[in-house]
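# Got a sequence here, can you model it:
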Amino acid sequence: MEFPIAVALAQLVSQLPTGPGWWYEIKLDGHRATLWRTAEGVRLQARSGRDVTASWMDSALAGMDPQVVLDGEAVIVVDGVISFEAAQSRAASAPARARKLAERSPALLIVWDVLALPGKDMRGRPYEERRAAMLDVVGGLPQPSRIQAVSASDDPDVAGRSLSWQKVRHAETVDADVVGYKGPALRPKALAVRLPSGRTALTQTLAAPLAALVGPHLAASGPAGWAHTDAGDADAIAPPGLVVEVLAGTTRHAVVTVTRLR
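All right, here's what the predicted structure looks like:
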């Protein structure tokens with residue numbers, strides 16, 4: 001198994017599936033982080049495959065055997081509540097600022113899967129076997145640890161109606177390919193994105209931290225030419241492979257807002 005890998009993605013459904021073999025886990029609002037314990041140390045990758053070790057260095061703990069790969073979510077707790085805003089700020093920060101933020105509000109890596117053990121690829125193994133192996137790895141870390149196992153249950157009543165497991169859906173998000181941008185490459189004002197529906201749209205103005213995070217990826221290759229959105233706006237063409245999460249309405253001219261870099 002080589003760094004990085006394509007991680008598994010959950011399918012959005014309207015209601016909880018039920019029946020034999022289903023397990024249920026808490027959905028956390030942070031940043032996807034896959035931890036690789038290598039012979040040299042620890043690396044962390046984002047959902048997109050980017051190396052994000054510098055952003056989440058406080059989760060890069062080496063208290064496990066080399067060749068272990070854990071999959072989970074990096075989260076930050078502020079005043080007793082998981083804060084997506086704090087996680088977003090950390091992810092958008094340069095390494096020096098990320099380290100200062102880590103000193104102020106350390107991150108937790110909440111793990112839900114083990115993808116590899118020494119000499120063994122676990123990705124094709126049954127869920128219950130992988131979860132048991134993951135719990136063994138996490139349980140064997142020096143305590144207290146900033147790496148923890150996600151809560152899970154095979155009881156749909158616990159997942160669907162427990163007072164302690166609730167989710168307020170504040171918006172639907174989708175992943176979109178970045179096909180262009182407005183403004184300087186290092187500090188883009190907005191992005192042109194291609195939505196899963198095939199529609200191309202210009203996003204709302206990027207927040208400064210997001211622009212700072214996206215900019216280096218755009219500047220690395222420079223504009224490859226010019227493109228037009230469905231509304232006729234002209235934008236510099238972005239290098240391929242850049243994916244962002246966006247809030248997007250369902251109508252043709254709905255507002256599109258970037259929430260994070262994948």
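# Tell me where this protein is predicted with low confidence.
For the chain, the stretches with pLDDT under 70 are 12-14, 157-172, 221-235, 249-254.
# Quick one: residues contacting the most centrally placed residue in the chain.
Among the residues of the chain, the one closest to the centroid is residue 32, at 3.0 Å (C-alpha atoms, centre = their mean). Going by C-beta atoms under 8 Å, 6 or more residues apart in numbering, residue 32 touches 7, 46-47, 72-74. (Each C-beta comes from the backbone N, C-alpha and C, glycine too.)
# Please give the number of neighbouring residues around the residue nearest to residue 154 when sequence neighbours are not counted.
Counting by C-beta to C-beta, 6 or more residues apart in numbering, residue 23 is the residue found nearest to residue 154 once chain neighbours are left out, at 5.1 Å. Neighbour count for residue 23, taken as other C-beta atoms under 10 Å: 14.
# Helix or strand: which one has the nearest residue to residue 3 once chain neighbours are set aside?
Distance criterion C-beta to C-beta, 6+ apart; nearest residue to residue 3, sequence neighbours excluded, is residue 36 at 5.6 Å. In the assignment (DSSP states H and E), residue 36 maps to strand 31-37.
# how distant is that strand from the center of its chain?
Strand 31-37 sits 9 Å away from the centroid of its parent chain (C-alpha atoms, centre = their mean, to the nearest Å).
# which of the residues in that strand are buried?
Applying a neighbour-count criterion of 16 or more other C-beta atoms under 10 Å, one finds 31-37 buried in strand 31-37.
# how far does the helix or strand following that strand sit from the chain's center?
As assigned by DSSP H and E, the chain's next helix or strand after strand 31-37 is strand 42-45. Relative to its chain's centre, strand 42-45 lies at 13 Å (C-alpha atoms, centre = their mean).
# and what of stretch 196-211?
17 Å.
# Start and end of stretch 112-130, how far apart?
Distance between the boundary residues of stretch 112-130 (C-alpha to C-alpha, to the nearest Å) amounts to 9 Å.
# Not counting its own residues, what contacts it?
With C-beta under 8 Å, 6+ apart as the test, stretch 112-130 has contacts from 1, 5, 8, 23, 25, 34, 65-73, 131, 133-134, 137, 149-150, 152.
# What about the residues you listed, which are in strands?
25, 34, 69-73, 149, 152 (DSSP state E).
# Done for today, thanks.
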